[in-house]
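fold the following, please.
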Amino acid sequence: MNSFYLPNIFGKTIQLSVEESKHCIKVLRLKKGDRVQLMNGKGSIFEATILDPNPKGCQLEIFEEISISNSRNYHLTIAIAPTKNIDRLEWFLEKSTEIGIDRIVPLICQHAERKEVKSERLEKILVAAMKQSGQAFLPELTSQIAFKNLVNSEFEGIKLIAHCENGPKIKLKEALQTGKNVLILIGPEGDFDPSEIALALKNGFIPVSLGASRLRTETAGVVACHTVCLVNEK
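Residues are numbered from 1 along each chain as shown. Next up is the predicted model:
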C-alpha cells in the first residue's frame, strides 16, 4: 500500500500537501476510492481512502488509526560532521533511519569541510526513508551546533566519541549498556582536532573504536547506529 507523510492529522477528512498530492495523483496515478496509508512520524499510521484526487490538494477520508509504540527502550543520538559531498550525508540519514535512530545532530567541527546544510532537503530524505522502511517514527534533525556547545550540554546517558587519534579506546559494543540512552560523536574526514577530543574527554565522553579500518564519516555513522541497535536487540 502506498504511504504518505502528514505531520498533523486531525479529524476524519484530511488533505495532503501539494507535493504529496502531486506524487499521489500524477506519479502513482491513484484514483478516487483507492486505499492509502498515512504516517505522522509520531507513532501513528492511518488507513484512508481517496475522496477527491486533486493533484494540488488530494482529500482523503480516514477509516482506521493504528498506534505503534516505540519498540526501542533507549534513545540514540548521533552527532555527525556534515560531509563535503552532501550525497554522502544524505546516504547516512537514509540508512540510519532504516536501521533505527532517534536524533541526528549536524556537528560543526574545526576540520569540517562543510559548514552549512540545507535542513529542508535533509528532512525530505528522512521522510522518504521512514516511509520506505515502514518506520512509524521520524528521526529528529536538529539545527547545526558547534562542537564545543554540544559537548558542554547536558545529556542523560552514555556519551561516546569515535576518533582516529592514538590513545586508549574501547570497542563501541563494549561501551554500550542495554536500555541506556546513547550519544555518539562522529567527526569529519580529517577527524576531530586534538583539542576537541581533549574537551570531549574532559566532559565525560568515552573514546571508542569502530573497528580496525579507517572509515568514511558516513560509514562510521552507519556502523555506530547499527552496533547500538544490535546490542539492544531483544
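
pLDDT weak spots in this protein?
69, 234 (pLDDT under 70).

rerun at 90
Counting by pLDDT under 90, the chain has low-confidence residues at 1-2, 6-11, 42-45, 65-73, 111-119, 132-136, 164-167, 189-190, 211-214, 233-234.

what sits against the residue sitting nearest the centre point of the chain?
What sits nearest the mean C-alpha location of the chain, by C-alpha atoms, centre = their mean, is P139, with 4.2 Å. By C-beta atoms under 8 Å, 6 or more residues apart in numbering, the contact set of P139 is 93, 96-97, 101-104, 126, 130. Placement of C-beta: from N, CA and C, glycine included.

again with G157
Taking C-beta under 8 Å, 6+ apart, we find G157 in contact with 74-75, 180-183.

sketch out the strands for this structure, chain order is fine.
Along the chain, the segments classed as strands by DSSP state E run 3-5, 13-15, 35-39, 44-52, 59-67, 76-80, 103-108, 140-141, 145-146, 158-162, 170-171, 182-186, 206-209.

winner for burial among these?
Most buried of those by mean neighbour count (mean count of other C-beta atoms under 10 Å) is strand 182-186; its value is a mean of 26.

what's the closest non-adjacent residue to the residue nearest to the centre of the chain?
Nearest non-adjacent residue to P139, counting by C-beta to C-beta, 6 or more residues apart in numbering: I101, 5.1 Å away.

that neighbour against Y74, yeah?
No: with contact defined as C-beta atoms under 8 Å, I101 does not count as touching Y74 (11.0 Å).

what is the nearest of the contacts of G157 to H111?
Of all those, L183 has the smallest distance to H111: 20.1 Å, by C-beta to C-beta.
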